[in-house]
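K.L.:
Here's a sequence, model it:
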Amino acid sequence: MNQLNILMLGPNLEQNGGIATLEKLIIKYSLPHIKIQHITTHDEGSIAYRVIVFAKALATFLWKLSSQKIDVVHIHISDGGSTFRKAICCVVAFIFDKPVLMHTNGAEFHLRYPKLPQRVQQVLNKIFQRCQGFIVLSESWQDYYVLNLGLNPKQVIILPNPSELATELPDRKNRTQISFVCCGRVGQRKGTFDLIKTFANLSDHQRKCTRLILAGDGEIEKAQQLAASFNVADKVTFLGWINSEKRDEVLSQADVFILPSYNEGLPLAILEAMGWGLPVISTPVGGISELVISNQNGLLVTPGNIQQLSEAMELLIGNETLRLSLGSAARKTVEPFDIKNYSIRLADIYHSLILRR
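P.N.:
Sure, this is the predicted structure:
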C-alpha cells in the first residue's frame, strides 16, 4: 500500500490535556503506511510565548507544504483562540490545495462560538465548510455543527475518541475501601468543587470506607482549601497531572470513576476508565450520554445537582454487585473504541478524503 503523508497540527505533545493525549495515541498506533508529522501550534505560557509558538508553526507549516508531498492536513481544533489559529491554518492548506481534516475537541465550543460577532462567524463558517472532512465525537455534536456552522452532513464524520484497553482487569470483589477517582483538570467545568461538596455530605460511616482521588492540574489549591473547609482533606488525595503509567495504576486500584462535568466533548478519561472495567458516574453533556447509559454501564446525574450526585455515590458505595455489573458492562461498551480499531478507521478516512478531491 502506498505511503500516506499526514501533517498533523495541534497542541504540544507534552502538554497536559485530552487533545495532546489523543494526538500521541494516533501517532503511536498509526498504521505502517501512515507517516504522521506533527507541528505544535499551541503551548502553555505567556501570550507573547504563545504568539511565537504559533508564528513558528505557521513558518514550519508553509515550508513543509511547499517542499514535501503532503496528502492530508489533520487539524485538531478546540475552542477559544484555537478556533482562529486553526482557521488560519485551513486557509494556508487551501492555498496549497491540500485536503483538510478538521478534528473537533472543544467542550465549550457551543458556548463561545455564538458570542463571536456575526460577521466573524460567517467568515469562519465559510472556511470550515471548505474542509474535506470534519470529525466530531458524537451524534449530538454532529447535529450542532451541521445546524450552526452550515456544514454538509456528508462532510461530518462521527469518530468517538479511542481508548487503550487494559489487557488484564483487577479483581474488585470484597474490597473494604471504595475508591472514587476523577481524572481531569481541577475546576468548575469538570465539577470538581461539586464533587468535593458531595463527598463531604456523605455520612461518617460512608466516608470511613471511601476515599476520593483527584488526578489533574488546574485549580488544585482552591480545591484543597475547599476540602479542608469541609474537614475531608484527609480523605481527598490530589495527585496533580499524571502520566499514562500512573493513570493506569490509579484506575486499576479504583472502584468507581466519577466526572460530574458541566461541559464536555467526549472525555478520553471516561473511555480509559471504562476500559479498566470501572462503572462511571457522570453527566449527560456533550457525547457522554451516547456512551454512558444510566443503570446499564454507569449512572448519569444532572450537572450541579449535589443531591443526585450524592445518591449515585451512596448507591455504588453500598452495592458491590451493582458496581461490578456496571463496570463489566462499561468494559464491553468501549471494546469497539479500542485504539487499534480507531487507527484503521482513521486511515480509511484519510484515504476517502484523497479520493473525494
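K.L.:
What count of nearby residues applies to Asn319?
P.N.:
If you count neighbours by other C-beta atoms under 10 Å, Asn319 ends up with 12. Where C-beta positions appear, they are placed from N, C-alpha and C, glycine not excepted.
K.L.:
Kindly apply the preceding question to Gln188 instead.
P.N.:
Neighbours of Gln188 using other C-beta under 10 Å come to 16.
K.L.:
Am I right that it falls within a strand?
P.N.:
No: using DSSP: H, G, I helix; E, B strand; the rest coil, the assignment for Gln188 is coil, not a strand.
K.L.:
Quick check: it vs Ala330, distance?
P.N.:
26 Å (C-beta to C-beta, to the nearest Å).
K.L.:
next one: Ile26
P.N.:
From Ile26 to Ala330 the distance is 23 Å (C-beta to C-beta).
K.L.:
These two: who's more crowded?
P.N.:
Set side by side, Ile26 and Ala330 show more neighbours around Ala330, with 26 against 23, by other C-beta under 10 Å.
K.L.:
so the more buried one makes contact with Ile293?
P.N.:
No: counting by C-beta atoms under 8 Å, Ala330 does not reach Ile293; the two are 9.7 Å apart.
K.L.:
residue ranges for the helices of this protein, please.
P.N.:
18-28, 47-67, 81-95, 109-112, 118-129, 139-149, 192-201, 204-208, 220-229, 244-253, 268-275, 306-318, 320-334, 339-356 (DSSP state H).
K.L.:
for those helices, which one ends up most surrounded?
P.N.:
Neighbour counts (mean count of other C-beta atoms under 10 Å) averaged over each of the helices of the chain peak at helix 268-275, with a mean of 26.
K.L.:
export that one as CSV, just CAs?
P.N.:
The C-alpha trace of helix 268-275 is given here as CSV (Å, rounded to 0.1, in the frame of the first residue of the first chain):
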residue,chain,number,x,y,z
LEU,A,268,-10.9,10.3,27.0
ALA,A,269,-10.8,9.9,30.7
ILE,A,270,-14.2,8.2,30.7
LEU,A,271,-13.2,5.9,27.9
GLU,A,272,-10.0,5.0,29.7
ALA,A,273,-11.9,4.3,32.9
MET,A,274,-14.4,2.1,31.2
GLY,A,275,-11.6,0.3,29.5
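K.L.:
Touching, Ser78 and Phe109? I think so.
P.N.:
Yes: between Ser78 and Phe109 a contact is recorded at 7.5 Å, counting by C-beta under 8 Å.
K.L.:
what residues do those two have in common as contacts?
P.N.:
Residues touching both Ser78 and Phe109 by C-beta atoms under 8 Å, 6 or more residues apart in numbering: none at all.
K.L.:
Pull up the per-residue confidence for Leu7.
P.N.:
If you check Leu7, the pLDDT there is 98.
K.L.:
What about it, how many residues nearby?
P.N.:
23.
K.L.:
and it, what does it touch?
P.N.:
Here Leu7 is in contact with 36-37, 39, 61, 64-65, 70, 72-74, 98 (criterion: C-beta under 8 Å, 6+ apart).
K.L.:
Skipping adjacent residues, who's closest to Lys190 in space?
P.N.:
Of all residues not flanking Lys190 in the chain, Gly184 sits nearest, at 4.3 Å (C-beta to C-beta, 6 or more residues apart in numbering).
K.L.:
Val53 too?
P.N.:
Val53 sits nearest to Asp43 (C-beta to C-beta, 6+ apart), 4.9 Å away.
K.L.:
For Pro117, see how far away that neighbour is.
P.N.:
Using C-beta to C-beta, Asp43 is found at 28 Å from Pro117.
K.L.:
These two: which has the busier surroundings?
P.N.:
Ranked by neighbour count (other C-beta under 10 Å), Asp43 and Pro117 place Asp43 first, with 16 against 8.
K.L.:
pLDDT wise, what is Gly287 at?
P.N.:
88.
K.L.:
same question, the one 3 residues further on
P.N.:
We note a pLDDT of 90 for Glu290 in this prediction.
K.L.:
Next, name the residue at the spatial heart of the protein.
P.N.:
Pro267 (3.4 Å; C-alpha atoms, centre = their mean).
K.L.:
Would you confirm that it contacts Gly18?
P.N.:
Yes: using C-beta under 8 Å, Pro267 and Gly18 qualify as a contacting pair, with a distance of 6.6 Å.
K.L.:
Quick check: neighbours shared by these two?
P.N.:
By C-beta under 8 Å, 6+ apart, the residues touching both Pro267 and Gly18 are Asn161.
K.L.:
Go through the contacts of Leu7 and name the one nearest Asn125.
P.N.:
Proximity of the contacts of Leu7 to Asn125 (C-beta to C-beta) peaks at Val73, which lies at 19.1 Å.
K.L.:
what residues are up against the closest one?
P.N.:
6-7, 9, 65, 89, 93, 98-101.
K.L.:
residue ranges with poor pLDDT in this protein?
P.N.:
357 (pLDDT under 70).
K.L.:
domain parsing for it?
P.N.:
4-162+338-356, 178-337 (automatic domain parsing).
K.L.:
want to try a markdown table for the helices of the chain, with distance to Asn2 as columns?
P.N.:
Formatted as a markdown table, the helices of the chain follow (distance: least, C-beta to C-beta, whole Å):
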| stretch | distance to Asn2 |
| --- | --- |
| helix 18-28 | 20 |
| helix 47-67 | 19 |
| helix 81-95 | 21 |
| helix 109-112 | 35 |
| helix 118-129 | 29 |
| helix 139-149 | 31 |
| helix 192-201 | 48 |
| helix 204-208 | 60 |
| helix 220-229 | 48 |
| helix 244-253 | 32 |
| helix 268-275 | 31 |
| helix 306-318 | 51 |
| helix 320-334 | 32 |
| helix 339-356 | 10 |
